[in-house]
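Trainee: Fold the following and give me the result.
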Amino acid sequence: MSDVRVDNQPSIDEEDDEFDDIDLLPLLTDFGFEDENENFENENEKRDETRIENQRKGVQFNNEEMDIGLDNFKGVYRRKAPRPNLKVTLPMKIENRRSSLDNNRMRSHSCPVRITRRTDPIPKKWKKAFFKIMGGSYKDPWADYHLELLDTEIAVRHRYNAVSKQWVVDNVRVKIEEESFAAGAMRQCYRMKKLSNFAKNDNWKQASNYVAKHYIDEVERDIYFEDVKLQMDAKIWGEEYNRHNPPKKVDIIQMSVLEFVDRPGKPLYHLEHLIEGNYIKYNSNSGFVRDENVRCTPQAFSHFTFERSSHKLIVVDIQGVGDLYTDPQIHTEQGTEYNDGNLGPKGMALFFHTHVCNSICESLGLMPFDMSPTEKEGQFTFSNHVQQTAATMVRGSEELCTSPHVGGSVDITAYISRQRTLSQTSNGGSPGSPMSPASPDSLLDYDMDSPPPSPFGWRGRMRHDSDSGTITKEEERAAFLANQIHRPSCVDIEVQLREILNQQRKTGGSILGVVHCEMAKYHHLGRFCDREDDRDLESAMFHLTQAANCGVLEAIVAMAHIYLQMPNDVLPDVKVEPSQDNTNDGVEYMEMAAEAGDRASMIQLARAYDSGLNLGTNRERSWTEALHWYESAVTMAAEDESGEYNATMDNPNHQLIARQAEMFRDGGYNMIKDPQRAGELYNEAAEEAMAAMKGRLANKYYMLAEECYGEMDEEEDVEGEE
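Mentor: I've put the predicted structure just below:
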């Protein structure tokens, strides 16, 4: 047993101090560490002075002193740590650490067995914070600026609840510098201290440090509030990501609007807690990805939000200190929410062009976005770079997002049933029951008066201005799931979902398809290359095909025109070789567009059946089919599935009706000759021509109608003679 040693107290220096980047003094004083327990100060004042002096001299605390201090601290905070027990740990070496988890091999080496006390992460971190404060190693980073000497101002704080969609307003006392200390492209930053609403004295030296941000150029006041809504909505998605137990938790710092009501014009500022550390921008809203020191967590988080929101949004522009993010951007389905940085499906396409799924994406069950073979070759080198440089490793305990897998026997029906069950029963209510309204304070657990959310993922409840009416995390999760259905990023599964939902001949409703369509446009425009001659038109055609498979009407029409050698507006420079197979494919796409309500496709298909040209080998000339599509084009008065309506200026209704009359007058190609019906149609064409201010043409149609009626009389005379 000589090789066994027992450590009753883990060394504080065994791992990096995670409090180096956190404003620790307000973190403790906001909980009343110095104000709410006078007995602690009076009874232990002498012991504290001795402890601080010893710490500065490098003398370690003995167990008795340490236990006394911690017991008093825990009594103030009212958070009792469980009694630690013992665990045995064997030092292990992981070979091929940067390879995937399945390829890891662990090998034990002969070494002394070390028995250490098991301590929960939260008590251990608070213990380290306690030692840092008591040891005198903490220093206010803004102490030299003497903000406490500035005038005190009363401001109105506006906080947003992302669950109930409500605003909470209260008054706060602040001290803010007149001159900015930093500026970005759009906003200036000002140092500020805010006194806690729970403070029992006006000790501004212990007040929390904040950063107030103000737009350089004058903007509408609503923009300040929209920015806060965006950041707090993104914070919700950070919480949802953490519930799936990723290797590293993420958080988005709380932001609010500060209104200085006593100043002229009542100017607005954004208010955020000061976060010290190395500020890094991991990706942008336009597809930028940081090349050096590539990290998996920020990219996996963005991919997660796209699938977990059923493709309705994606959180990008990830930046901050560690995994504590600030100033994110959200691209939405419509691209009209929040601010001008919301690029909609275009921004989603830019993200996925540079995104390479990593080990965290795989551990969460996220599906790779479909890329062309050329694009995959370009991503191969970057993928290897990510695997070699990324330090985060999955543990295998991540919670998979519910999604089917491509290949093999996929029970897609069971998947849809499970999704419907989640949305119906997660609330404990009936199908389609609305989400229960939450309290406005339910997301104010991370109050601006309390310490900033820590990058190491502390999730305990913290004291704030409003403690009533909160909901538990389980209730919040159930409410969240009631309105969210996971949808993979894979086109194969998207197509299967549409088939099961009887949408195989119906277009629209696929955001994933719209993203692929935008990707095709970017390739055609040369967005991803330096020279126009280097455009990847094969990848453009690949993504346009994926968009058409997902039922995007614009892509379907473009594919039809490309295969039928007709000009198109999406990829005008893409051409295919004329062949019967391409013509058959083009007619198939044209029919899909016609069934979706595209009037131009209806007319094109009707003329193909009418003339037999560009009909391919799978279909025959048929006037009955042509009549069906002519009638559909004439009677169409609503928008198509893309929300557009093709005006009748190029192909007016009177021309289409007149052509139907000619077909009935002549007969043939599976249509029976009917002069009476032809005369009626000519009269309808004449009325349409009069409405279009075509008087001469209307008279011509009236004359043709009389001729048809005359032919009908002649036929009756012939039948009478027989």
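
Trainee: what mean pLDDT does the helix or strand harbouring Glu662 have?
Mentor: Secondary structure assigned from DSSP states H and E places Glu662 in helix 653-666. Helix 653-666 carries an average pLDDT of 94.

Trainee: what comes up buried for that helix?
Mentor: For helix 653-666, burial by neighbour count (16 or more other Cβ atoms under 10 Å) applies to 653-661, 663-665. C-beta: built from backbone N, CA, C; applies to glycine.

Trainee: Taking the residues you listed together, which two end up most distant?
Mentor: Farthest pair in these (Cβ to Cβ) is Asn653 and Arg665. Separation: 18.5 Å.

Trainee: tell me what the helix holding Glu662 is packed against?
Mentor: Contacts defined by 3 or more Cβ pairs under 8 Å, 6 or more residues apart in numbering; DSSP states H and E place helix 653-666 against helix 599-611, helix 623-635, helix 675-691, helix 695-721.

Trainee: residues in contact with the first one?
Mentor: Where contact means Cβ atoms under 8 Å, 6 or more residues apart in numbering, the residues beyond helix 599-611 that reach it are 557, 560, 587, 590-591, 593-594, 613-615, 619, 621-623, 625-630, 632-633, 636, 640, 645-646, 648, 651, 656, 659, 663.

Trainee: need the contact list for the nearest residue to Pro567 once chain neighbours are set aside.
Mentor: Nearest non-adjacent residue to Pro567, counting by Cβ to Cβ, 6 or more residues apart in numbering: His561, 6.5 Å away. Contacts for His561 (Cβ under 8 Å, 6+ apart) come out as 567-568, 586.

Trainee: Residue for residue, what is the longest strand this protein has?
Mentor: Longest strand in the chain by number of residues, with DSSP state E as the criterion: strand 166-176.

Trainee: Parallel or antiparallel, which strands does that one pair with?
Mentor: Strand 166-176 has the following strand partners under DSSP bridges: strand 153-161 (antiparallel), strand 187-195 (antiparallel).

Trainee: Quick check: the residue nearest to Pro567 vs Val515, distance?
Mentor: Distance of His561 to Val515, given as Cβ to Cβ, to the nearest Å: 21 Å.

Trainee: can you check Thr624 too?
Mentor: For Thr624, the distance to Val515 (Cβ to Cβ) stands at 40 Å.

Trainee: Which of those two has more residues huddled nearby?
Mentor: Just comparing Thr624 and Val515: by other Cβ atoms under 10 Å the higher neighbour count belongs to Val515, 31 against 12.

Trainee: Could you give the average pLDDT over the helix or strand containing that one?
Mentor: Taking DSSP H and E as the definition, Val515 sits inside helix 511-525. Taken as a whole, helix 511-525 has a mean pLDDT of 96.

Trainee: one step back: adding mean pLDDT, write the helices and strands packed on helix 653-666 out as CSV.
Mentor: As requested, those are exported to CSV (pLDDT from 0 to 100):
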stretch, mean pLDDT
helix 599-611, 94
helix 623-635, 94
helix 675-691, 94
helix 695-721, 83
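
Trainee: Tell me which of these is the most buried.
Mentor: helix 599-611 (a mean of 22; mean count of other Cβ atoms under 10 Å).

Trainee: the inter-axis angle of that one versus helix 623-635?
Mentor: 150 degrees (axes from the mean of the first three to the mean of the last three Cα atoms, to 10 degrees).

Trainee: CA-only coordinates of helix 599-611, as PDB, when you get a sec.
Mentor: C-alpha atoms of helix 599-611 as PDB (Å, rounded to 0.1, in the frame of the first residue of the first chain):
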ATOM      1  CA  ARG A 599     -49.700  29.300 -65.000                       C
ATOM      2  CA  ALA A 600     -46.800  29.500 -67.500                       C
ATOM      3  CA  SER A 601     -46.100  25.800 -67.000                       C
ATOM      4  CA  MET A 602     -49.800  25.000 -67.500                       C
ATOM      5  CA  ILE A 603     -49.700  26.800 -70.800                       C
ATOM      6  CA  GLN A 604     -46.400  25.300 -71.900                       C
ATOM      7  CA  LEU A 605     -47.700  21.800 -71.100                       C
ATOM      8  CA  ALA A 606     -51.000  22.400 -72.900                       C
ATOM      9  CA  ARG A 607     -49.200  23.500 -76.000                       C
ATOM     10  CA  ALA A 608     -46.900  20.500 -75.900                       C
ATOM     11  CA  TYR A 609     -49.900  18.200 -75.800                       C
ATOM     12  CA  ASP A 610     -51.600  20.300 -78.400                       C
ATOM     13  CA  SER A 611     -48.700  20.300 -80.900                       C
END
